[in-house]
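**Q** have a look; sequence and predicted model below, questions after that.
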Amino acid sequence: MTAAGPRDPTATGARVLDLPIDGMTCASCAARIERRLNQLDRVSASVNYATEIAHVEFPADVDPATLVAAVEATGYQTRLPHPAGTDRAAPAHAAGHPVGDDDSPDALAALRRRLLVSTALTVPVVLMAMV
């Protein structure tokens, strides 16, 4: 008896895609997305809440936009990852910054707003602690 090794989905003509998922707040969210993706015909999905990644195996005739639409139909955001050959993140990576899609202007504006609000709310707390 031989042990079965890890199966290679690409050997059967299937495609593999790791979709970043935004908006998950609990393991139930991950289960909901996984259930929705697995309802698609011949699609096998596994969603990891900790990494916010959906690992999806699907046949070549399934359009990746269908997977994105299925995730967005559950109320979460996703996007197709950039092809490996693109150099979209090359300048950030070359400068020593981590590579990621969170560098969008909207994400940076939200972080800036949170920083300003938290700074403004911290000042009274620090002053009261000094008294």
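**A** Arrived safely, thanks for sending.

**Q** how about the nearest residue to E72, chain neighbours excluded?
**A** Spatial nearest neighbour of E72, excluding adjacent residues (Cβ to Cβ, 6 or more residues apart in numbering): T78 at 6.7 Å. The way it works is simple: take the backbone N, C-alpha and C, and place the C-beta from them, glycine included.

**Q** ok, that neighbour touching D22?
**A** Yes. The pair formed by T78 and D22 meets the contact definition of Cβ atoms under 8 Å, at 6.8 Å.

**Q** more crowded one of these two?
**A** Between T78 and D22, counted using other Cβ atoms under 10 Å, the more crowded position is T78 (21 against 13).

**Q** this protein: strands as residue ranges?
**A** In order along the chain, the chain carries the following strands (DSSP state E): 14-22, 44-48, 53-59, 77-78.

**Q** could you dump those strands to TSV with mean pLDDT and distance to M128?
**A** Output for the strands of the chain, formatted as TSV (pLDDT from 0 to 100; distance: least, Cβ to Cβ, whole Å):
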stretch	mean pLDDT	distance to M128
strand 14-22	91	36
strand 44-48	94	42
strand 53-59	94	42
strand 77-78	91	39
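
**Q** for L121, find the nearest of those.
**A** Using Cβ to Cβ as the measure, strand 14-22 is the one of the strands of the chain that comes nearest L121, at 25.8 Å.

**Q** CA-only coordinates of that closest one in PDB, if you can.
**A** These are the backbone C-alpha positions of strand 14-22, laid out as PDB (Å, rounded to 0.1, in the frame of the first residue of the first chain):
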ATOM      1  CA  ALA A  14      -7.800  22.700 -12.900                       C
ATOM      2  CA  ARG A  15      -6.700  26.200 -12.000                       C
ATOM      3  CA  VAL A  16      -5.800  27.400  -8.600                       C
ATOM      4  CA  LEU A  17      -6.500  30.900  -7.300                       C
ATOM      5  CA  ASP A  18      -5.900  32.600  -4.000                       C
ATOM      6  CA  LEU A  19      -8.400  35.400  -3.500                       C
ATOM      7  CA  PRO A  20      -7.800  38.000  -0.800                       C
ATOM      8  CA  ILE A  21     -11.000  38.600   1.100                       C
ATOM      9  CA  ASP A  22     -11.800  41.900   2.800                       C
END
